[in-house]
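K.L.:
let's see this in three dimensions:
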Amino acid sequence: PSQQMYIKSVFGGCEPLKKLILCDFFKHGFDGSGGDNMMDAGSCIDGRLTSAWNWCQGIKSKPFYPIFLLSGFSSFDGDF
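P.N.:
From the prediction side, this is the model:
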């Protein structure tokens, strides 16, 4: 119940929180920021995958990171 109250007070509820997380990922996870140069950034799959990796590495700075911690999340290392 207290987690639900926190989500509602900070993010407006579960649906707005889901949208915030997904919008942030799709905005920054495939922006080409992982490319070595601007030519590779938009066309190279490696540049896009590195962008997704960069997003995962920067999740600690996101406003929704506490929600990941509350769910038991520790990292994207693939170890469950």
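K.L.:
quick one: low-confidence ranges for this protein?
P.N.:
For the chain, residues meeting the criterion pLDDT under 70 lie at 33-49, 78-80.
K.L.:
centroid-nearest residue for it?
P.N.:
In the chain, the centroid-proximal residue (Cα atoms, centre = their mean) is Phe25; its distance is 4.6 Å.
K.L.:
run the chain-centre distance for the helix or strand containing that residue.
P.N.:
Using DSSP states H and E, Phe25 sits within helix 14-28. In terms of Cα atoms, centre = their mean, to the nearest Å, the gap separating the centre of helix 14-28 from the centre of its chain is 8 Å.
K.L.:
so for that helix, what gets flagged as buried?
P.N.:
For helix 14-28, the neighbour count (16 or more other Cβ atoms under 10 Å) marks 17, 20-21 as buried. Any C-beta I mention is one placed from the backbone N, CA and C, and that applies to glycine too.
K.L.:
can I get those in TSV with distance to Phe76?
P.N.:
Shown next, in TSV, are the buried residues of helix 14-28 (distance: Cβ to Cβ, whole Å):
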residue	distance to Phe76
Leu17	19
Leu20	18
Ile21	14
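K.L.:
now, which of those residues sits nearest Ile67?
P.N.:
Checking those against Ile67 with Cβ to Cβ, the nearest one is Leu17 at 6.6 Å.
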